[in-house]
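Student: I'll drop the sequence and a predicted model, then ask my questions.
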Amino acid sequence: MQYLALTYTGDVAILTMQNGENRHNPLFAKEMLSALNTIKSNESCKALVITSNDEKCFSLGIDTDWLMPAMKAARTEEIKQFMYGMDDVFKALLLFPLPVIAAINGHAFGNGAILACACDFRFMRADKGFFCFPEVDLSIPFLPGMIEFVKKAMPYYRFNEMKLSGRRVSGKELEQDHVVEKAYDTQESLMEGALNYAKTFDKKRGIFGEHKKRLHKHIIHTIDNENKPLIESLSLMA
């Protein structure tokens with residue numbers, strides 16, 4: 001895989017984004033879905049940690065070096081399929097029958113921050129990296145489904161402030177808001193904390209998946225029904 005590396009520590013899967021800024025494009029979406037299916041097929045796996053091997057970035061969101069030329073060349077079907085592909089990634093995470101933990105080791109901007117919100121739990125660096133929704137400054141509105149599952153990850157007042165201001169927020173602030181379980185001072189302690197937390201889980205997949213299915217039923221409905229007309233009309237920029 002070009003964008004991701006899958007390893008295991010005991011019965012915990014570690015999915016490491018390994019493409020620098022880890023921007024999202026059609027190949028990223030395809031590889032992420034494939035990796036999630038591979039992990040799900042491993043019946044001995046009990047939890048998943050998603051992180052990055054880049055020193056500065058967890059993920060900086062959509063790959064504009066791909067998107068802007070695609071829009072200029074009117075490659076509409078390619079763009080639509082990418083948006084549907086990312087929706088499939090988000091739905092797979094929201095319904096994944098194992099705990100999904102984001103170990104946010106650096107900047108998480110835009111779609112990268114949204115990806116972290118689709119996970120069940122988040123841990124973050126306190127000493128480096130910011131969490132940010134810059135879409136308000138880029139004239140990119142959130143799709144309705146994105147709004148719904150980001151709201152599950154953070155208090156509404158914090159989401160409202162971040163979404164409308166585009167302000168960069170630190171791991172320490174997000175720890176106070178319980179958006180992240182804990183913020184760590186080093187990369188080593190971040191991964192140790194995320195893995196140790198992952199190892200506390202030994203849940204039956206059937207009940208764990210059913211809990212998530214019922215918890216997130218309204219989110220899945222919004223993704224399936226409200227995102228589609230906006231994607232089909234390519235109403236992705238304001």
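Tutor: Received the coordinates, thanks.

Student: CA-only coordinates of the longest helix anywhere in the chain in PDB, if you can.
Tutor: Taking DSSP state H as the criterion, the chain has its longest helix at helix 76-94. The C-alpha coordinates for helix 76-94 follow below in PDB (Å, rounded to 0.1, in the frame of the first residue of the first chain):
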ATOM      1  CA  THR A  76     -16.900  15.400 -12.400                       C
ATOM      2  CA  GLU A  77     -17.300  11.600 -12.100                       C
ATOM      3  CA  GLU A  78     -13.900  11.200 -10.500                       C
ATOM      4  CA  ILE A  79     -14.600  13.900  -7.900                       C
ATOM      5  CA  LYS A  80     -18.100  12.400  -7.200                       C
ATOM      6  CA  GLN A  81     -16.600   9.000  -6.700                       C
ATOM      7  CA  PHE A  82     -14.000  10.400  -4.400                       C
ATOM      8  CA  MET A  83     -16.600  12.100  -2.200                       C
ATOM      9  CA  TYR A  84     -18.700   8.900  -2.100                       C
ATOM     10  CA  GLY A  85     -15.500   6.900  -1.300                       C
ATOM     11  CA  MET A  86     -14.700   9.200   1.700                       C
ATOM     12  CA  ASP A  87     -18.300   8.800   2.800                       C
ATOM     13  CA  ASP A  88     -17.800   5.100   2.700                       C
ATOM     14  CA  VAL A  89     -14.600   5.500   4.800                       C
ATOM     15  CA  PHE A  90     -16.500   7.600   7.400                       C
ATOM     16  CA  LYS A  91     -19.400   5.100   7.500                       C
ATOM     17  CA  ALA A  92     -17.000   2.200   7.900                       C
ATOM     18  CA  LEU A  93     -15.300   3.900  10.900                       C
ATOM     19  CA  LEU A  94     -18.600   4.900  12.400                       C
END
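
Student: ok, residues contacting the next helix or strand after that helix?
Tutor: Counting by DSSP states H and E, the element after helix 76-94 in chain order, helix or strand, is strand 100-104. Outside strand 100-104, the residues that touch it by C-beta atoms under 8 Å, 6 or more residues apart in numbering are 47-51, 58, 93, 115-116, 118-125, 129, 131, 171, 180, 190-191, 194, 197-198. All C-beta spots, glycine's among them, are computed from the backbone N, C-alpha and C.

Student: coming back round to it: name the residues of the longest helix of the chain that are buried.
Tutor: Neighbour-count burial for helix 76-94, with 16 or more other C-beta atoms under 10 Å as criterion, is recorded at 79-80, 82-94.

Student: what stretches of the chain score poorly on pLDDT?
Tutor: The chain contains residues with pLDDT under 70 at 236-238.

Student: Next, give phi and psi for the residue nearest the centre of it.
Tutor: Compute the mean C-alpha point of the chain, and by C-alpha atoms, centre = their mean the closest residue is residue 115, 1.3 Å away. Main-chain torsions, residue 115, degrees, to the nearest 10: phi -60, psi -40.

Student: Good, wrapping up.
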